[in-house]
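**Q** sequence-free structure coming up:
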């Protein structure tokens, strides 16, 4: 593949987090180095990727606006995600897969 080429996102599995003002961590499904984050809540979600048992999101982590989606390259060694909302409660979806374009 040439430098700068893009590949369509190919999903492998999804987890849903019932997020709130306290950080919640979950194990990600296997299958790829890209993660599509969809914040269906009415508040900004802050996400952090890492290892199981060692990942706690803070309000200074990567923000995902309400109603928005963001495709990130987290690498294959990432096994967990943590999310915290700026306020309120809502669902945040994490879909693991491969690809660089959604």
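**A** Yes, it's here. Please read these numbers as outputs of a predicted model, since none were measured by experiment.

**Q** residue boundaries of the strands in this protein?
**A** 10-19, 24-27, 34-39, 45-50, 62-64, 69-73, 80-85, 90-98 (DSSP state E).

**Q** out of these, deepest packed?
**A** Mean neighbour count (mean count of other Cβ atoms under 10 Å) peaks for strand 80-85 among those, with a mean of 24. Glycine gets a C-beta too; all of them are placed from N, C-alpha and C.

**Q** Residues contacting stretch 51-59, please?
**A** With contacts defined as Cβ atoms under 8 Å, 6 or more residues apart in numbering, stretch 51-59 is touched by 23, 25, 27, 46-49, 77-84, 86.

**Q** Go again with 7 Å.
**A** Here stretch 51-59 makes contact (Cβ atoms under 7 Å, 6 or more residues apart in numbering) with 23, 25, 27, 46-49, 79-84, 86.

**Q** Point out where the chain drops to low pLDDT.
**A** 1-4 (pLDDT under 70).

**Q** how does it look with 50?
**A** 1 (pLDDT under 50).

**Q** thinking again about what came up before, looking at the contacts of stretch 51-59, which is nearest residue 60?
**A** residue 46 (7.4 Å; Cβ to Cβ).

**Q** Show the contacting residues for the residue lying closest to the closest one once chain neighbours are set aside.
**A** In this structure, residue 46 finds its nearest non-sequential neighbour in residue 61, 4.3 Å apart by Cβ to Cβ, 6 or more residues apart in numbering. By Cβ under 7 Å, 6+ apart, the residues touching residue 61 are 46-48.
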